[in-house]
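**Student:** based on what follows, work out the 3D shape:
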Amino acid sequence: MEPQWRQRRRRVRALLKPLPRKANVRRYPVVKWFADFAHKRPYLWSFKNAPMVRALYIGSLLAFLPSYGAQILIAVAAAFLGRANLTATVGLQMVVNPLSMGPIYLATYTIGTWLIGLLHIKPRHAFLDGALALVLGGLLLGMATAVLLHGLWLAGRYEARQFRQRRHAEAQDD
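**Tutor:** Next comes the predicted model:
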């Protein structure tokens, strides 16, 4: 039987397969224009702690903002500017898709109107207040998601460290 960590790694790789990687970045329609630029920046492809944490926060914040249609382009630019992992930043944009867009934007609007009421912001124009509610709700929901993902990332790193220590101890015993 295959070890549990290999099964987990295989599942993660299957989830990440369609996303841009250093090896296949030239295949993507818009990103291929930046391929040479991207190849010279290793942080875009690094799964080390700093680029991944930045990617989790940038990607989560952008995912819930009302920018559907341009969100992947914005995520690519934000990954370059924020020195974040490109794969994770773009992957987080897939949270909002045509099937989940309605419930997510309804939730962000509801949270945003609650925040507007909490902050006592006076209504000026219905359209602008609706857009402000979407942005404020998206920022709050995105930040909450980012904190949750950061906690999961830290828990996964802790588990991986514990696994390496156990494996090292077993190798020492043999």
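**Student:** Gln93 contacts Gln71, correct?
**Tutor:** Yes: in this structure Gln93 lies within contact range of Gln71 using CB atoms under 8 Å: 4.8 Å. Bear in mind the C-beta positions are built from the backbone N, C-alpha and C, glycine included.
**Student:** show me where this structure has helices.
**Tutor:** 4-16, 35-39, 49-63, 71-82, 86-92, 101-118, 126-173 (DSSP state H).
**Student:** against which helices or strands is the longest one packed?
**Tutor:** Counting by 3 or more CB pairs under 8 Å, 6 or more residues apart in numbering; DSSP states H and E, the packing neighbours recorded for helix 126-173 are helix 49-63, helix 101-118.
**Student:** angle of the first one against helix 101-118?
**Tutor:** What separates the directions of helix 49-63 and helix 101-118 is an angle of 90 degrees, with axes from the mean of the first three to the mean of the last three CA atoms, to 10 degrees.
**Student:** output helix 49-63 as PDB, restricted to C-alpha atoms.
**Tutor:** Only the C-alpha atoms of helix 49-63 are listed here, as PDB (Å, rounded to 0.1, in the frame of the first residue of the first chain):
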ATOM      1  CA  ASN A  49       7.000  30.100   3.100                       C
ATOM      2  CA  ALA A  50       7.300  33.800   2.200                       C
ATOM      3  CA  PRO A  51       6.100  33.700  -1.500                       C
ATOM      4  CA  MET A  52       3.300  31.300  -0.500                       C
ATOM      5  CA  VAL A  53       2.000  33.300   2.400                       C
ATOM      6  CA  ARG A  54       2.000  36.400   0.200                       C
ATOM      7  CA  ALA A  55       0.200  34.500  -2.500                       C
ATOM      8  CA  LEU A  56      -2.500  33.300   0.000                       C
ATOM      9  CA  TYR A  57      -3.200  36.800   1.100                       C
ATOM     10  CA  ILE A  58      -3.000  38.500  -2.300                       C
ATOM     11  CA  GLY A  59      -5.000  35.700  -4.000                       C
ATOM     12  CA  SER A  60      -7.700  35.600  -1.400                       C
ATOM     13  CA  LEU A  61      -8.200  39.400  -1.300                       C
ATOM     14  CA  LEU A  62      -8.400  39.500  -5.100                       C
ATOM     15  CA  ALA A  63     -10.700  36.500  -5.400                       C
END
